[in-house]
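S.K.: Give me a 3D structure for the following:
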Amino acid sequence: MSSRDEQLAKIKDEVITLKESPLCKERIKNGVFPVIGEGSHDAKIMFVGEAPGRNEAATGRPFCGAAGKILDELLKSAGIKRQDVYITNIVKDRPPMNRDPLPEEIEIYGPFLDRQIAIIQPKVIATLGRFSMEYIMRKFGLDSRLDTISRIHGRIFEAEAEHGKITIIPLFHPASAIYDPAKKGVMTKDFLVLKTIK
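M.R.: Now for the predicted structure:
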């Protein structure tokens with residue numbers, strides 16, 4: 001097991017036994033799983049969503065339901081293999097009724113995501129949805145560039161990470177294409193931006 005594998009396994013162990021989060025108690029009560037992340041531990045591209053949904057909590061895998069199918073299609077359209085990227089969320093346990101994550105939940109789980117980024121050292125972070133967009137842009141000092149996701153989706157932002165230069169690309173959450181199928185074309189175009197980054 002490589003050092004990265006060990007460090008990421010440690011995060012999983014810590015999340016499983018996380019006492020500070022009401023979502024963890026809810027997870028234990030419902031007999032479901034935390035969703036830590038999935039994919040290559042050497043990924044150049046990391047996708048960060050908001051929080052797991054019902055299918056994700058039932059399986060412990062990120063983006064495995066309807067939104068996951070759309071994400072898979074978008075990756076394929078950009079010529080990116082799912083196994084080559086790393087996919088995670090800020091919040092690792094499912095909020096009840098798939099509601100938006102609360103600020104205090106983001107605060108509890110955010111440090112785990114910070115560590116995942118530091119371990120994997122991606123060149124690109126593609127945020128999926130407005131919560132992850134805000135968290136990641138603030139984390140990398142891009143507060144002044146923040147705007148609504150409908151204005152800055154698909155744009156490239158350069159920042160500095162501990163491991164060097166990093167590119168941030170805000171993207172719509174794949175679930176938004178479920179509610180508004182017309183968005184699929186825009187999202188496909190946004191994903192093509194990922195191909196341009198070396």
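
S.K.: By mean pLDDT, point me to the weakest helix or strand of this protein.
M.R.: helix 22-30 (a mean of 89; mean pLDDT, DSSP states H and E).

S.K.: Quick check: what element follows it along the chain?
M.R.: Following helix 22-30 in sequence order, the next helix or strand is strand 38-39 (DSSP states H and E).

S.K.: Which strands and helices lie in contact with that next one?
M.R.: strand 86-89 (3 or more C-beta pairs under 8 Å, 6 or more residues apart in numbering; DSSP states H and E). The way it works is simple: take the backbone N, C-alpha and C, and place the C-beta from them, glycine included.

S.K.: and the strand it packs on, which strands flank it?
M.R.: The strands beside strand 86-89 in its sheet (DSSP bridges) come out as strand 38-39 (antiparallel), strand 45-49 (parallel).

S.K.: related to what we said a few turns ago, so what touches the least confident helix or strand of the chain?
M.R.: Val15, Leu18, Phe33, Pro34, Ala57, Val91, Asp93, Arg94, Pro95, Pro96, Glu105 (C-beta atoms under 8 Å, 6 or more residues apart in numbering).

S.K.: Closest one of those residues to Glu158?
M.R.: Using C-beta to C-beta, Val91 is the member of those that lies nearest Glu158, at 26.6 Å.
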